[in-house]
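*Asks:* here are the coordinates; sequence isn't available:
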């Protein structure tokens with residue numbers, strides 16, 4: 001017999017967002033609501049701003065790559081662990097992402113906004129490529145990287161002499 005999932009946030013979520021297709025899962029008494037990516041921002045704002053729920057802490061945030069996961073239909077997933085401190089409740093939100101599509105509308109800053117604020121140009125997450133980090137081969141490479149770094153908080157590394165610990 002299927003078990004009914006009970007959680008204080010489920011009824012208000014279903015009432016506020018009846019047509020977006022929320023899916024519910026439960027594993028070891030942890031309730032997860034699967035939210036379509038384009039609705040994650042309004043759902044999070046509702047959970048935060050509703051006084052009866054008041055999920056005021058993002059306690060966990062992680063990403064999952066489902067590349068070789070059996071039966072997976074989406075490549076990536078993002079899990080949000082929300083905590084309501086006043087009500088002592090936890091809720092998980094899960095969003096599945098497609099690498100060929102942009103981030104949910106309204107969640108990523110626009111290039112124009114960053115330029116107005118003096119920040120660096122942002123790249124769209126779907127097209128972002130991370131540069132390879134430099135791996136110094138020797139102690140003199142560490143010293144060179146230290147000289148190039150904008151924040152010189154620590155002195156350059158000291159070269160050790162033969163037989164020194």
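*Replies:* That came through fine. Everything numeric in this text was worked out from a predicted model, so none of it was measured. Numbering: from 1, shown residues only.

*Asks:* any weak-confidence spans in the chain?
*Replies:* Along the chain, segments meeting pLDDT under 70 span 1-2, 102-158, 163-165.

*Asks:* Which residue ranges of it form helices?
*Replies:* Secondary structure of the chain, counting by DSSP state H: helices at 10-16, 40-49, 111-116, 139-148.

*Asks:* ok, now how distant is the closest residue to residue 7 other than its chain neighbours from residue 56?
*Replies:* What sits nearest to residue 7 in space, not counting adjacent residues and going by Cβ to Cβ, 6 or more residues apart in numbering, is residue 31, at 4.4 Å. No exception for glycine: its C-beta is placed from N, CA and C like everyone else's. Note on residue 31: its distance to residue 56, by Cβ to Cβ, to the nearest Å, is 18 Å.

*Asks:* who's more crowded, these two?
*Replies:* More crowded of residue 31 and residue 56, by other Cβ atoms under 10 Å: residue 31, with 18 against 14.

*Asks:* residues in contact with the more buried one?
*Replies:* 5, 7, 9, 10, 24, 25, 91, 92 (Cβ atoms under 8 Å, 6 or more residues apart in numbering).

*Asks:* sorry, back to before: for the residue nearest to residue 7, which residues count as its bridge partners?
*Replies:* Beta-bridge partners of residue 31, counted by DSSP bridges, are residue 26.
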